[in-house]
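> Have a look at this fold, sequence not included:
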C-alpha cells in the first residue's frame, strides 16, 4: 500500500508583496512544517488550553501582544524541533539581489555560471544593501528606482539607472558601476524584460515578491529530499495563487533534476502528490502553527541582540533553510581576496558598458588576472569597509 504523502503546511510573516522597502517590516519569513492534520490539531488544542488563548486561532499577530509571547513562542518551537524549515529574507538585501537578477543577469546570461561561481551576485547585493541602508539612512533614491523598474520593467521609470542623469551625484564606486552598467546595456536589459511588462502578467506583477521563491527552495531543495511524496498546503496567498502553476511540473515527478549555479552542483527534487492546495487557517490547525513559527522567526532576527530571544534565535539557526538571505559583510570585505576580485570585475563590466564592448569576451581571463593580482595582502584596501561602503 502506498504511504500517504507528508503534509507540509506553509505560512508567512512580514508580507508586503512587491514592496521591499517597507520601513517597518524589513524581514520576511516563510515557514513550513511537517505535521499531520491530527498532530496539528492536538498541538493547537494543547497550546490554547495551556496559555488560555481565547481567540479562535493561534496567530502570531495576536500572541505577540501578550507579555508571555516569548514563552509561548519557545514552547511551540520546541514542539516543532526537527519538523520545521524556515526561509528568512532581508527584503532590502533581496532588492539588491533582484537588481543583479534583472539588470546584470540578462546581459551576462550566456556565461552566468562564471560570475555566480565567484559570487559576484552576492557582492553586488550586499554592497548595494550596505551602501543604501547602513546606519539608519533613509531609503536611497537608487533603491526606489530599482524597485520601480522591477515592478514595471520600463527603463523610463528609472532615469537614474538607465539614462545616467544622476550618475555624477552618486560617487560611490559600486553604485557608480551599477549605473554605468545599466545605462550601457539598457537596450539588452529592456529587450530581455519586455515579456514582463505585459498587462495581467502574473510573473511581472509578482517579480519582487519573495513568497514563491521561498516555497520553491523549501520544497525542491528541502522537504522534497526528506519525503518520497508531498502534500503541500499553503495559507491563501495572491502571489502563490498566481504562480502556483510553476509547481505543477513536479506532480508525480520522482526524478531529481541536477542544477549547477557555478559553485556546487545540487538537485531539485519534490514529488508532489497533487497541485499545491490553499486553505484558511481557521479550518487548518497546521496553518495556524506555521503562522506562529513564521512570526517567531521574524522576531528571532529582528531582536537578535535581545537576550529574551536568544533561545528562539538558536532554534531558528537549526531550522533555517540554507538559501536564507541576510546581510553578510564577508562578501564585501576587501581585506579578503574574492571581494577585491569582484570589485575589479564590476569595474571592468562598467568600463565595457561605457565603451559598448562585449561584456563576456575574455572575462575568465579577467578573473584569473584579478585573483593573481590580489593574492598579495598589500594590494588590498587598507580600510575596506570604510572605503568600499562609506556613506555617500
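Received, thanks. Please read all numbers here as calculations on a predicted model, not as lab measurements. Numbers count the residues shown, from 1 in each chain.
> how long is stretch 83-100 from one end to the other?
One end of stretch 83-100 to the other measures 33 Å (CA to CA, to the nearest Å).
> That stretch: how far from the chain's middle?
2 Å (CA atoms, centre = their mean, to the nearest Å).
> Let me see the ranges of the helices in the stretch 251-392 of the chain.
With DSSP state H, counting those that start in this stretch as the criterion, the stretch 251-392 of the chain has helices at 285-302, 310-319, 337-355, 363-373, 384-389.
> Which pLDDT value belongs to residue 235?
Residue 235 is assigned 93 on the pLDDT scale.
> ok, back up a step: among the helices of the stretch 251-392 of the chain, show me which one is buried the most.
Highest mean neighbour count among the helices of the stretch 251-392 of the chain (mean count of other CB atoms under 10 Å): helix 285-302, with a mean of 26. C-beta here means a position set from N, CA and C on the backbone, and glycine is covered the same way.
> by how many degrees do that helix and helix 310-319 diverge?
Comparing the axes of helix 285-302 and helix 310-319 via axes from the mean of the first three to the mean of the last three CA atoms, to 10 degrees yields an angle of 110 degrees.
> Summarise which helices and strands helix 285-302 is packed against.
Applying 3 or more CB pairs under 8 Å, 6 or more residues apart in numbering; DSSP states H and E, we find helix 285-302 packed against strand 6-13, strand 27-34, helix 37-50, helix 60-63, helix 69-79, strand 84-90, strand 230-235, helix 310-319.
> nearest to residue 337, of these?
Residue 337 lies closest, by CB to CB, to one member of those: strand 84-90, at 25.4 Å.
> State the next helix or strand along the chain beyond the closest one.
Once strand 84-90 ends, the next helix or strand along the chain (criterion: DSSP states H and E) is helix 91-99.
> so what secondary structure elements neighbour that following helix?
strand 27-34, helix 120-133, helix 141-152.
> The first one vs helix 91-99, what angle?
Here strand 27-34 points in a direction 90 degrees away from that of helix 91-99 (the same axes, to 10 degrees).
> dump the residue contacts of residue 316.
By CB atoms under 8 Å, 6 or more residues apart in numbering, residue 316 lies in contact with 86, 88, 296, 297, 300, 301.
> Adding pLDDT, write those residues out as CSV.
Output for the contacts of residue 316, formatted as CSV (pLDDT from 0 to 100):
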residue, pLDDT
86, 98
88, 96
296, 97
297, 97
300, 96
301, 95
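> No further questions, thank you.
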